[in-house]
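Asker: Could you look at this predicted model? Sequence included:
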Amino acid sequence: MKLIFLSIQVYPIQSPEKKCKFSIAPTWVHTDVRYGALIRKGSVSVYTFVLQDALDYLGHPLAIDGVFGPGTERALKTWQTKNKLISDGVCGPSTWTAICSAVARKRGN
């Protein structure tokens, strides 16, 4: 059995166009790495969608389509470098923890 847990809260945020959009950036994400639940280039999943939304929310605009392509990889590597993580373009437990913490800080949680 593969265990993957995801907690998402929806928050309204103001876009530059002053229109309200919603962010589903995670407050926490738990993946059981024993089953290989890592997100990397080529991944297509709801986790990729959530990662893309979080990166967008944190100032790295990209297409939010659930497909981990070159744009997502570039944004993730940039974010990892900026946050003193190994810039390998793979979103595993350390990166998820850091991204969730950054989202919470930005929201003031």
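Answerer: Sure thing, it's come through. Numbering: from 1, shown residues only.
Asker: Verify the stated contact: residue 79 with residue 91.
Answerer: No - taking contacts as Cβ atoms under 8 Å, residue 79 lies outside contact range of residue 91: 9.7 Å. Quick note: C-beta positions are derived from backbone N, CA and C, even for glycine.
Asker: shared neighbours, the two?
Answerer: Between them, residue 79 and residue 91 share these contacting residues under Cβ atoms under 8 Å, 6 or more residues apart in numbering: residue 99.
Asker: higher neighbour count, the two?
Answerer: In this view residue 79 and residue 91 are compared by other Cβ atoms under 10 Å, and residue 91 has more residues nearby, 29 against 22.
Asker: model confidence over the top helix by length along the chain, on average?
Answerer: Here the longest helix in the chain is taken by residue count, with DSSP state H as the criterion, and it is helix 93-107. Along helix 93-107, the predicted local confidence has a mean pLDDT of 87.
Asker: just checking, what packs against it?
Answerer: The contact analysis (3 or more Cβ pairs under 8 Å, 6 or more residues apart in numbering; DSSP states H and E) places helix 93-107 against strand 26-31, helix 46-57, helix 70-82.
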